[in-house]
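Asks: heads up, no residue letters with this:
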């Protein structure tokens, strides 16, 4: 088919404009409907409030934290012993600037939430950022123990480099341990945004409030869930699909959820939990050195040095016709 003549093109443009204007004329009424709906109960908005922490900025912050925790592994420049001080200095300065802004926004957001006057939010934001930066050596040590545990526990791992670069469990733990430190400092919103970002990337859901000891190894990892009040000891290994969750959600006399109580299990040192096991309840404790088999469902405590498994299922083999 040939191209349209200038006259046909002009006629089409006019028709399109007429149709466009006919529909566009209804937009102002729709705008009023949307604005008015925000005054109704059950509708949420964030008007006349402080700037909320930015998820996009937090992703940049996570990348900076990774580069500082594992110098030379990430980023687009070569780092050697001669340039390490300069490199880390630039990264920490950049991290201080970006993180203090987001922490400040979080503090202001919390003050507005409780109708408090915020007179020193910027100072507090910078003080909390310095506290976090001073914890980086401790975070590096904890993550190093996780990497060693991963290498020792996975025969498929060829090197520490492979683990740091590619293992989803180490990425999840890097984000979790950083978010947990901010959670311990009482910073709201940011830690949860961070761990939910990691959850969206690797499918491992660790609440920043959970307490996890050194040498923690998540093998494969997809579908792992670790709840807010979970306590995990040292040298624990878990596999994909493991849930460390709540057995029930207690409510007060008004029917509202009671928050802050221990709802998730305690896992003692040197425990192994195989794939798709579910362990529930705040009073449930898995004793040290126990082994929890795949697909089990546990809602009561297990003594130390115990192996828990499901009875072998009866399989039916039929000859293929």
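Replies: Yep, it's here. Please read these numbers as outputs of a predicted model, since none were measured by experiment.
Asks: For residue 271, the count of nearby residues, please.
Replies: For residue 271, the neighbour count with other C-beta atoms under 10 Å is 24. Glycine gets a C-beta too; all of them are placed from N, C-alpha and C.
Asks: going forward, begin numbering at 831 instead of 1
Replies: Shifting the count to begin at 831 puts that one at residue 1101.
Asks: give the contact list for it.
Replies: 1063, 1066-1067, 1116-1122 (C-beta atoms under 8 Å, 6 or more residues apart in numbering).
Asks: let's see it at 6 Å
Replies: Each residue near residue 1101 by C-beta atoms under 6 Å, 6 or more residues apart in numbering is listed here: 1066, 1116, 1120.
Asks: Among these, which ones are in helices?
Replies: Members of these lying in helices (criterion: DSSP state H): none.
Asks: My guess is residue 1042 contacts residue 1063. True?
Replies: No - shown here, residue 1042 and residue 1063 do not form a contact pair, counting by C-beta atoms under 6 Å, at 8.7 Å.
Asks: Quick check: chain neighbours aside, which residue is closest to residue 1001?
Replies: Excluding its sequence neighbours, the residue lying closest to residue 1001 (C-beta to C-beta, 6 or more residues apart in numbering) is residue 1032, at 5.7 Å.
Asks: As a check, name the ranges of all helices in the protein.
Replies: Using DSSP H, helices in the chain cover 836-854, 857-867, 885-899, 914-943, 951-964, 966-983, 990-996, 998-1014, 1020-1032.
Asks: Please produce CSV containing those helices, extended by mean pLDDT and mean neighbour count.
Replies: Shown next, in CSV, are those (pLDDT from 0 to 100; neighbours: other C-beta atoms under 10 Å):
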stretch, mean pLDDT, mean neighbour count
helix 836-854, 66, 10
helix 857-867, 81, 9
helix 885-899, 95, 17
helix 914-943, 89, 17
helix 951-964, 94, 17
helix 966-983, 97, 17
helix 990-996, 96, 15
helix 998-1014, 98, 23
helix 1020-1032, 97, 19
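Asks: Reformat those helices as JSON lines; add distance to residue 1054.
Replies: As requested, those are exported to JSON lines (distance: least, C-beta to C-beta, whole Å):
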{"stretch": "helix 836-854", "distance to residue 1054": "49"}
{"stretch": "helix 857-867", "distance to residue 1054": "39"}
{"stretch": "helix 885-899", "distance to residue 1054": "19"}
{"stretch": "helix 914-943", "distance to residue 1054": "27"}
{"stretch": "helix 951-964", "distance to residue 1054": "25"}
{"stretch": "helix 966-983", "distance to residue 1054": "14"}
{"stretch": "helix 990-996", "distance to residue 1054": "17"}
{"stretch": "helix 998-1014", "distance to residue 1054": "8"}
{"stretch": "helix 1020-1032", "distance to residue 1054": "9"}
